[in-house]
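>>> Quick one, fold the following:
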Amino acid sequence: MSNTEQVIGFISANAHISRVFALGIGDGASHELVEGVASAGGGTAAFATYKESIDAKVLHQLKNAIQPSLTSTTIS
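A predicted model of the protein is given here:
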């Protein structure tokens, strides 16, 4: 992927309406892209190689995703 900065910028610009949880698969997964989109999207990043099962990593990402995005909020 050659437009990593554009993708991260797009996610950052839309972070107010959604969160992004990224999973990089394989030895060639771009850490800059996966970590960048997760950070810009208020989510988390995880990586899995082809030699390992991704089940635990996917479940961890899903657990993170179902957590509330807002805490300690007040309305006045």
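>>> Now do residue 16 against residue 65, distance only.
Residue 16 sits at a distance of 17 Å from residue 65 (criterion: CB to CB, to the nearest Å). Where C-beta positions appear, they are placed from N, C-alpha and C, glycine not excepted.
>>> no no, residue 21
Per CB to CB, residue 21 is found 5 Å from residue 65.
>>> Which one's more surrounded, those two?
Set residue 21 next to residue 65 and count neighbours by other CB atoms under 10 Å: residue 21 wins out with 19 against 13.
>>> okay, that one: pLDDT?
The score at residue 21 is 96. That number is its pLDDT.
>>> my guess is it meets residue 44, correct?
Yes - under the criterion of CB atoms under 8 Å, residue 21 lies in contact with residue 44, with a separation of 5.7 Å.
>>> Would you mind pulling up the elements that the strand or helix carrying residue 8 packs against?
If you go by DSSP states H and E, residue 8 is part of helix 4-13. Helix 4-13 sits against helix 31-40, with contacts defined as 3 or more CB pairs under 8 Å, 6 or more residues apart in numbering; DSSP states H and E.
>>> tell me which residues of the helix it packs on are tucked away?
For helix 31-40, the neighbour count (16 or more other CB atoms under 10 Å) marks 33, 34, 35, 36, 37, 38, 39, 40 as buried.
>>> Can you name the residues in contact with stretch 64-74?
Identification of contacts with stretch 64-74 by CB atoms under 8 Å, 6 or more residues apart in numbering yields 19, 21, 42, 43, 44.
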